[in-house]
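In: Sequence first, predicted model second:
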Amino acid sequence: MQKKSIKQIHQKLHHWYAQYGRHDLPWRHTEDPYHIYISEIMLQQTQVKTVLERYYFPFLEQFPSLTALANAPLDEVLKAWEGLGYYTRAKNLHHCANAAKPTLPTTFDSLVQLPGIGENTASAICAFAYKQPLAVMEANVKRILSRIFALKTPQKVQLQQLANQLLDKENPYDYNQAIMDIGSMVCTVKSPDCAVCPYASICLAREQNDFDYPEKKKKTVPTREDIIMIESQDNAVYMRQREGKFLHGLWGFESMKEGYEEMTYLGTVTQSYTHFTYKAKVYHDNAPKQKDRFFTKKEIAQLALSGVDKKVIKLLEKNKIL
DNA sequence: CATGCGTGGTT
DNA sequence: TAACCAAGCAT
């Protein structure tokens, strides 16, 4: 592409951003790398609205600095992350805080080595916190580039090269924020508004009137069935902290495959996840073998729980077990 | 490179 | 309203 046309695109983009960009986002009003880092991790696969309205401010109030985060117990961090999903993010945050305190590294190479910081997040921190000329490469940017160059199945390297070419190296901060805003407000998945798009003059998708870029692969969503066993004693229930990758660090109940026939069926809880639908029958055993770690309703309120387990708790309250 | 990982918004 | 998917990362 001609340098001249790229410069024209930058001007159009800059003009659009000045008028319509989301300038009210709080992480665009800080120079603190820690604040920007927290926003980037929260925003991974998570909508701006959720982060903005429910998590960003409370988290920073509770953990106002990298050192404060490092010194907090992991369980407190998990509790602050409750409901946000992808819980290894919370574990990685805590780990990074301890590894990097009192301040984050300032280069892409050192950032990308930290757990939970991939290439996109490292680029974003460099561009937004340190004003370095790196191109972010998240879902919005991928969609925009795929459409501009009509790439149905783009390769990672190919997209990165195109992103690097289009980047405004003089203004990496505004450029990256602007292209993400274009993705979420103009070049949307379902109904792109080419009339106001700064990239319209060079966009092949617009020319072809085909916006299915990159090509979506459809998958069937399986159902995962489960049996949850509740052991209770004196208005308290046995709970344990998960260790696997799924719902890592959150507190929950035991699953079982057999031996529940003689117990009391309480009800079924369901939860839809991206890759499967979860459906669990909940049984109650009031003659528990577990000896320790029974939690009362008040104690459970202090633990980090998943959506499913919150539904189970409601079922227990309804059955007057808690 | 494909898959697993949470939850809630949007259409 | 079922389906898609959002400021991705690790394996």
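Out: Now that the structure is in, tell me what you want to look at.

In: Which parts of chain A belong to which domain?
Out: What automatic domain parsing lists as the domains of chain A is A:3-208, A:223-318.

In: Pick the most deeply packed of those domains.
Out: Neighbour counts (mean count of other Cβ atoms under 10 Å) averaged over each of the domains of chain A peak at domain A:3-208, with a mean of 17. (C-beta placed from N, C-alpha, C; glycine too.)

In: one step back: could you tell me the least trusted of the domains of chain A?
Out: Among the domains of chain A, domain A:223-318 has the lowest mean pLDDT, at a mean of 93.

In: Only C-alpha atoms, please: export the strand or helix carrying A:Lys310 in PDB.
Out: According to DSSP states H and E, A:Lys310 maps onto helix A:307-318. Provided in PDB are the C-alpha atoms of helix A:307-318 (Å, rounded to 0.1, in the frame of the first residue of the first chain):
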ATOM      1  CA  GLY A 307     -22.100 -19.100  38.800                       C
ATOM      2  CA  VAL A 308     -23.100 -22.700  39.100                       C
ATOM      3  CA  ASP A 309     -22.200 -23.000  42.800                       C
ATOM      4  CA  LYS A 310     -24.100 -19.900  43.600                       C
ATOM      5  CA  LYS A 311     -27.200 -21.600  42.000                       C
ATOM      6  CA  VAL A 312     -26.500 -24.600  44.100                       C
ATOM      7  CA  ILE A 313     -26.300 -22.400  47.300                       C
ATOM      8  CA  LYS A 314     -29.700 -21.000  46.400                       C
ATOM      9  CA  LEU A 315     -31.100 -24.500  46.100                       C
ATOM     10  CA  LEU A 316     -29.700 -25.400  49.500                       C
ATOM     11  CA  GLU A 317     -31.300 -22.300  51.000                       C
ATOM     12  CA  LYS A 318     -34.600 -23.200  49.400                       C
END
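
In: interface residues of chain A facing DNA strand C?
Out: A:22, A:25, A:27-28, A:39-40, A:43-48, A:86, A:92, A:114-122, A:124, A:138-140, A:143, A:177, A:180-181, A:183-184, A:189, A:216, A:218-219, A:221, A:272, A:274 (Cβ under 7 Å from any atom of the strand).

In: Need the three-state assignment for the residue of chain A found nearest DNA strand B.
Out: As assessed by Cβ to the nearest atom of the strand, DNA strand B sits closest to A:Gly85 within chain A, at 2.5 Å. Using DSSP: H, G, I helix; E, B strand; the rest coil, the structure places A:Gly85 in coil.

In: A:Ile228 in helix, strand or coil?
Out: Classification of A:Ile228 by three-state DSSP places it in strand.

In: Bridge partners for it, pull those for me.
Out: Partner residues in beta bridges with A:Ile228, using DSSP bridges, are A:Ser255, A:Val282.

In: residue contacts, it?
Out: Residues near A:Ile228 by Cβ atoms under 8 Å, 6 or more residues apart in numbering: A:Phe253, A:Glu254, A:Ser255, A:Met256, A:Val269, A:Ala280, A:Lys281, A:Val282, A:Tyr283, A:Val312.

In: what about the longest helix in chain A?
Out: Taking DSSP state H as the criterion, chain A has its longest helix at helix A:3-20.

In: How far does the very next helix or strand once past that helix sit from its chain's centre?
Out: The helix or strand immediately downstream of helix A:3-20 is helix A:33-42, counting by DSSP H and E. Helix A:33-42 sits 12 Å away from the centroid of its parent chain (Cα atoms, centre = their mean, to the nearest Å).

In: For A:Glu299, state which of the contacts of A:Ile228 is nearest.
Out: Using Cβ to Cβ, A:Phe253 comes nearest to A:Glu299 of the contacts of A:Ile228, at 14.6 Å.

In: from what I can see that closest one touches A:Tyr238, true?
Out: Yes. With contact defined as Cβ atoms under 8 Å, A:Phe253 counts as touching A:Tyr238 (7.5 Å).

In: what's the overlap in contacts for these two?
Out: Residues touching both A:Phe253 and A:Tyr238 by Cβ under 8 Å, 6+ apart: A:Ile230.

In: picking up where we left off before, tell me the contacts of the residue of chain A closest to DNA strand B?
Out: A:Gly85 sits next to A:Gln45, A:Thr46 when contact means Cβ under 8 Å, 6+ apart.

In: Phi, psi for it please.
Out: In terms of degrees, to the nearest 10, the main-chain angles of A:Gly85 are phi 90, psi 170.

In: Sort out for me which of the residues of chain A next to DNA strand C are in helices.
Out: A:39-40, A:48, A:92, A:119-122, A:124, A:139-140, A:143, A:177, A:180-181, A:183-184.
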